[in-house]
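Engineer: below are the sequence and a predicted model; questions follow.
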Amino acid sequence: MSRTTTTETDPRPSLLGAASCIAFLCFMMFAQIFILGEDWVTHISLILAIVVCAIVALLSGFRWHDVQKGILYGCEIAMLPMLILMMVGVLVASWIASGTIPSLVYYGLTLIDPSYFLFTAVIVCSIASLVTGSSWTTAATFGVAFMGIGGGLEIPPAMTAGAVISGAIFGDKISPVSDSTNLAAGIAEANLFDHIRSMFYTTGPALILSVILFFFIGLGYQSDGIDTTQTDQLLQGIQANYSVSLFAFLPPLIVVVLAYRRVNALAVMVIGSLVGAAMAVGVQGVAIGDMMNYMNYGFVSETGIEAVDSLLSRGGLQEMMWTISLGFIGLSLGGLLEKTRMLEVLLDRMGKLVSHSRGLIVTHVVASLATNLFSASQYIAIIIPGRMLVPAYRRLRILPSVCSRTCEDSATVTSPLVPWGLGGAYYMGVLDVSAWDYMGWTFLALITPVIAILYAMFNVFIWREGERNDVNAYEQEHRETAQPG
């Protein structure tokens, strides 16, 4: 009851005010990319959007304290992911110095056929993220290695990044140890394994289609049609300057095991970095002082071979600062939009479309996409539309596993496509490819929402209570309100 009173008495922006903030953000992004041609200055566009939103909030009756609270709320959400991102930079540098990434690249170049490289990248990253429950860990480990291998095979980086991300988000979406999987199930009040079983109906076909697409695209990269000069230089340069061995796979193996055992992600990154640093000092002969510099500023390869030095000069905490600052600014905007109720106003207008299952699912997908786009966080995109639309699912007696599935079909999979969002910023920082470049190749993220909408339009796999043997559909009090009459 207290929540209802608070909602009714708090200031509330008009639809025009909320829409003007979103329109300004869209205009800034359009101008930045298509008029100015600046892909990498998103920070300033977001800051200007925050200024406009703050002005609208103040004119709507909010105090500066409320505006600041919203901004700090977004920063609080960003804190842990940004700390993890810092450690990703440290981990990448330590794994290069330890010979882990050079070994992964070396064996990958010798074992993977270019014709099946993209296909292999999707499958391997799918399995890795399914086991670990983390698309971020997969991208920072296997993803970085695949980017190096793809470069050696002369496959466009954006294409490789699309394959890596498609695989990574599949496992993150399906894995029972994934935070987004558990969050979506909890938000919709669905049983976790009912939720996962439901997702196979959308994510399964999306993965199959993605794998088929990458398989046929990869056929265009035949071994006999590729100049192997650069690949040979990479192999010779890596073998001559690094201790290449299967022992170098120890750090990623430890990371996979710890992640599978649900050790905290930040702790996993720290442990992986320290193991890599220890191997660099003990196996590669790197001085401790140099190792600390690499972990802070990034590893600098000085083999004299341009292909090797370009590939292996990267990582470091400081290299992540561009991405980290983007994450804080993007979530500051998201927190401001949420706490000043602008997202609520926009979603309320969409809520009028949910009187039948077709409109409900389509509205949920659109609302999650929009929230992802303007809040810069897949977690907010799961929570806000999900919780707001649960009563509509209940009224139509649609199972919670359909609601939870739709949360992930729209919010989770599209997070990497938002350049100013946490997911997009993370993948851009780790894979060193602009989201504007790789989004067209991230097939799973593009196909899954389409499948969800098609199911809604044709009323396929939209189960109602009694049509599928799910565990307790809703809490008892919710099930009582769902009874007709």
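Structural biologist: In hand now; what should we look at?
Engineer: how about the helices of the stretch 51-200 of the chain, start to end?
Structural biologist: Taking DSSP state H, counting those that start in this stretch as the criterion, the stretch 51-200 of the chain contains helices spanning 64-97, 100-111, 117-132, 135-138, 144-152, 157-174, 179-188, 192-218.
Engineer: what's the closest of these to Tyr297?
Structural biologist: helix 64-97 (8.2 Å; Cβ to Cβ). Where you see a C-beta, it was placed from the backbone N, CA and C, and this is true even at glycine.
Engineer: which of the residues in that closest one are classified as buried?
Structural biologist: By 16 or more other Cβ atoms under 10 Å, the buried positions in helix 64-97 come out as 66-67, 69-71, 73-75, 77-78, 81-82, 84-97.
Engineer: and what of stretch 209-224?
Structural biologist: Applying a neighbour-count criterion of 16+ other Cβ under 10 Å, one finds 209-211, 213-214, 217-218, 221 buried in stretch 209-224.
Engineer: and stretch 95-107, by the same measure?
Structural biologist: The neighbour-count check on stretch 95-107 (16+ other Cβ under 10 Å) flags 95-107 as buried.
Engineer: okay, the residues you listed in JSON lines with distance to Pro416 next?
Structural biologist: What follows is the buried residues of stretch 95-107, written out as JSON lines (distance: Cβ to Cβ, whole Å):
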{"residue": "Trp95", "distance to Pro416": "22"}
{"residue": "Ile96", "distance to Pro416": "24"}
{"residue": "Ala97", "distance to Pro416": "28"}
{"residue": "Ser98", "distance to Pro416": "28"}
{"residue": "Gly99", "distance to Pro416": "29"}
{"residue": "Thr100", "distance to Pro416": "24"}
{"residue": "Ile101", "distance to Pro416": "22"}
{"residue": "Pro102", "distance to Pro416": "27"}
{"residue": "Ser103", "distance to Pro416": "27"}
{"residue": "Leu104", "distance to Pro416": "22"}
{"residue": "Val105", "distance to Pro416": "23"}
{"residue": "Tyr106", "distance to Pro416": "28"}
{"residue": "Tyr107", "distance to Pro416": "27"}
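Engineer: coming back round to it: can I get the helices of the stretch 51-200 of the chain in CSV with mean pLDDT and distance to Gly423?
Structural biologist: Shown next, in CSV, are the helices of the stretch 51-200 of the chain (pLDDT from 0 to 100; distance: least, Cβ to Cβ, whole Å):
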stretch, mean pLDDT, distance to Gly423
helix 64-97, 86, 9
helix 100-111, 80, 22
helix 117-132, 84, 13
helix 135-138, 79, 8
helix 144-152, 83, 17
helix 157-174, 91, 8
helix 179-188, 78, 10
helix 192-218, 91, 16
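Engineer: save the ones you listed as TSV, and put in distance to Ile361 too.
Structural biologist: Formatted as TSV, the helices of the stretch 51-200 of the chain follow (distance: least, Cβ to Cβ, whole Å):
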stretch	distance to Ile361
helix 64-97	27
helix 100-111	41
helix 117-132	25
helix 135-138	24
helix 144-152	34
helix 157-174	17
helix 179-188	13
helix 192-218	11
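Engineer: out of those helices, flag the one nearest Ala376.
Structural biologist: Comparing those by Cβ to Cβ, helix 64-97 comes nearest, at 7.9 Å.
Engineer: ok now the closest one, how far from the chain's centre?
Structural biologist: Counting by Cα atoms, centre = their mean, to the nearest Å, helix 64-97 is centred 14 Å from the centre of its parent chain.
Engineer: which elements pack onto it?
Structural biologist: Packing partners of helix 64-97 (3 or more Cβ pairs under 8 Å, 6 or more residues apart in numbering; DSSP states H and E): helix 42-59, helix 100-111, helix 250-260, helix 265-282, helix 288-297, helix 321-339, helix 422-431.
Engineer: what's the mean pLDDT across the fifth one?
Structural biologist: Across helix 288-297, the average pLDDT comes to 94.
Engineer: can I get the CA coordinates of that helix in PDB?
Structural biologist: Extracted in PDB, the C-alpha atoms of helix 288-297 (Å, rounded to 0.1, in the frame of the first residue of the first chain):
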ATOM      1  CA  ILE A 288      58.000  -8.600 -11.400                       C
ATOM      2  CA  GLY A 289      58.200  -4.800 -12.000                       C
ATOM      3  CA  ASP A 290      57.500  -5.200 -15.700                       C
ATOM      4  CA  MET A 291      54.600  -7.500 -15.000                       C
ATOM      5  CA  MET A 292      53.000  -4.900 -12.800                       C
ATOM      6  CA  ASN A 293      53.400  -2.300 -15.500                       C
ATOM      7  CA  TYR A 294      51.900  -4.600 -18.100                       C
ATOM      8  CA  MET A 295      48.900  -5.200 -15.800                       C
ATOM      9  CA  ASN A 296      48.400  -1.500 -15.400                       C
ATOM     10  CA  TYR A 297      49.200  -0.100 -18.800                       C
END
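Engineer: and that helix, how far out from the chain's middle?
Structural biologist: On Cα atoms, centre = their mean, the centre of helix 288-297 falls 29 Å from the chain's centre.
Engineer: and the contacts of that helix?
Structural biologist: 90, 93-94, 96-97, 273, 277, 280-281, 286, 300, 315-319 (Cβ atoms under 8 Å, 6 or more residues apart in numbering).
Engineer: what are the buried residues along it?
Structural biologist: Going by neighbour count (16+ other Cβ under 10 Å), the buried part of helix 288-297 is 291, 293-295.
Engineer: and for the longest one?
Structural biologist: Of the residues in helix 321-339, those buried under the neighbour-count criterion (16+ other Cβ under 10 Å) are 323-324, 326-339.
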